[in-house]
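Peer 1: structure for this input, please:
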Amino acid sequence: DPLNGDDIGDNELLVVSFGTSFNDSRTADIGGIEKALQTAYPNWSVRRAFTAQIIINHVQARDDEKIDNMDQALQRAVDNGVKNLVVQPTHLMHGAEYDELTEAVESYKDKFESVSIAEPLLGEVGDSDDAVNDDKKAVAEAITTEAVKTAGYDDLDAAEADGTAFVFMGHGTSHTAKISYSQMQSQMNDLGYKNVFIGTVEGEPEDTACEAVIEKIKEAGYKKVVLRPLMVVAGDHANNDMAGDDEDSWKSQFEASGAFDKIDTQIAGLGEISAIQDLYVAHSKAAIDGKSASTAN
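Peer 2: Numbers count the residues shown, from 1 in each chain. Reported below is the predicted structural model:
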């Protein structure tokens with residue numbers, strides 16, 4: 001269900017994602033978040049928008065499934081006479097995608113009685129590498145618990161005793177919000193998660209590049225590695241950049257280093273984790289409760 005129906009009513013909760021052409025991930029991750037929001041707010045109509053037009057075009061050409069882009073979704077809301085609009089990004093941080101989303105909403109805000117944009121997953125960015133917040137803490141705990149359970153350990157201490165390190169691979173960005181990845185590493189450290197490491201495909205910030213992460217884990221002496229995406233969806237990056245067989249994939253680079261006895265991959269997006277869905281629900285609640293402010297901020 002692309003969630004592009006009319007008959008919206010007065011209140012719309014527009015869930016905005018970058019998008020993915022991987023159908024299973026779209027259902028489990030993006031769909032999982034959307035369903036959790038609809039269950040939590042039955043008096044609001046949940047609708048979907050993707051910001052990546054290339055993905056929208058690909059899915060429509062392949063599957064004849066039409067997903068709204070931001071302009072189409074916002075115009076649909078106007079055409080349906082929506083009075084109160086809350087936009088919930090599924091994005092990780094206040095990065096380039098979030099900035100573009102804010103711009104798009106800004107141009108439509110006069111068409112509604114109230115407009116509010118909810119926080120992305122990791123909340124406010126913060127000023128320094130070691131700036132953390134309740135959102136980052138909740139995400140760190142949720143994803144680590146899920147990864148440890150999937151790997152078959154009773155807890156993180158048991159994994160550490162077995163010489164296992166967990167690596168969460170994000171996208172990375174040149175945007176100033178890239179500090180969020182360093183903050184997530186600080187959050188893991190603050191929680192005492194010594195065998196949990198944050199990486200990025202783009203290697204921005206530099207400390208999160210694949211080779212840098214490999215060095216950190218080698219120095220720490222762990223001999224087994226579990227790779228898992230720090231991304232809402234398990235799409236192209238998770239399946240290819242992380243777990244693919246090409247020599248430049250993270251799995252291949254870890255294997256080529258010759259420093260580890262075992263490399264496992266967990267191909268699952270953040271969106272299917274119930275504790276992550278709960279966080280999006282909480283962010284939407286804050287936006288809904290404050291909707292009378294009539295601002296796009």
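Peer 1: contacts, neighbours, all on C-alpha from now
Peer 2: Noted.
Peer 1: for S252, see how far away the residue located most distally from the centre of the chain is.
Peer 2: Farthest-out residue of the chain from its mean C-alpha position, per CA atoms, centre = their mean: G258, at 31.0 Å. In this view, G258 and S252 are 10 Å apart by CA to CA, to the nearest Å.
Peer 1: can you report phi and psi for the residue farthest from the centre of the chain?
Peer 2: phi 70, psi 10 (degrees, to the nearest 10).
Peer 1: show me the contacts for it.
Peer 2: For G258, the contact set (CA atoms under 8 Å, 6 or more residues apart in numbering) is empty.
Peer 1: do you know how far it is from D10?
Peer 2: Noted for G258: a distance of 59 Å to D10, by CA to CA.
Peer 1: just the pLDDT at the residue farthest from the centre of the chain, thanks.
Peer 2: Per-residue confidence (pLDDT) for G258: 97.
Peer 1: next: N297.
Peer 2: Note on N297: pLDDT of 40.
Peer 1: so which residue is dead centre in the protein?
Peer 2: By CA atoms, centre = their mean, the chain has its centre lying nearest to V232, at 3.1 Å.
Peer 1: neighbours of the residue nearest to that residue when sequence neighbours are not counted, how many?
Peer 2: Spatial nearest neighbour of V232, excluding adjacent residues (CA to CA, 6 or more residues apart in numbering): L270 at 4.4 Å. When neighbours are defined as other CA atoms under 10 Å, L270 has 27 of them.
Peer 1: and this structure, what are its domains?
Peer 2: Per the TED database, the structural domains of the chain span 11-121+273-289, 134-265.
Peer 1: out of the ones you listed, which is closest to L3?
Peer 2: domain 11-121+273-289 (4.9 Å; CA to CA).
Peer 1: mean confidence score for that closest one?
Peer 2: Computed over domain 11-121+273-289, the mean pLDDT rounds to 97.
Peer 1: how about stretch 158-172 as PDB, C-alpha atoms only?
Peer 2: Taking Å, rounded to 0.1, in the frame of the first residue of the first chain, the C-alpha atoms of stretch 158-172 are listed here in PDB:
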ATOM      1  CA  ALA A 158      28.600 -12.400  26.500                       C
ATOM      2  CA  ALA A 159      29.400 -11.300  23.000                       C
ATOM      3  CA  GLU A 160      32.500  -9.400  24.200                       C
ATOM      4  CA  ALA A 161      33.700 -12.500  26.200                       C
ATOM      5  CA  ASP A 162      33.400 -14.400  22.900                       C
ATOM      6  CA  GLY A 163      35.600 -11.900  21.200                       C
ATOM      7  CA  THR A 164      32.800 -10.400  19.100                       C
ATOM      8  CA  ALA A 165      32.500  -6.700  18.000                       C
ATOM      9  CA  PHE A 166      29.400  -5.100  16.400                       C
ATOM     10  CA  VAL A 167      29.700  -2.500  13.600                       C
ATOM     11  CA  PHE A 168      26.800  -0.300  12.700                       C
ATOM     12  CA  MET A 169      27.300   1.100   9.200                       C
ATOM     13  CA  GLY A 170      25.600   4.400   8.400                       C
ATOM     14  CA  HIS A 171      25.600   6.300   5.200                       C
ATOM     15  CA  GLY A 172      27.800   9.200   6.100                       C
END
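Peer 1: buried stuff in that stretch?
Peer 2: Neighbour counts over stretch 158-172 (16 or more other CA atoms under 10 Å) mark 159-160, 163-172 as buried.
Peer 1: among the residues you listed, which lie within helices?
Peer 2: Per DSSP state H, helices hold the following members of the buried residues of stretch 158-172: 159-160.
Peer 1: inside strands: which ones of the buried residues of stretch 158-172?
Peer 2: The strands in this structure, assigned by DSSP state E, contain 164-170 from the buried residues of stretch 158-172.
Peer 1: can you name the residues in contact with stretch 93-104?
Peer 2: 18, 51, 70-71, 89, 91, 117, 120-125, 173, 175-178, 180, 296-297.
Peer 1: swap in stretch 228-235?
Peer 2: Residues outside stretch 228-235 that contact it (CA under 8 Å, 6+ apart) are 20-22, 25-26, 29-30, 90-92, 147, 166-171, 238, 242, 265-271.
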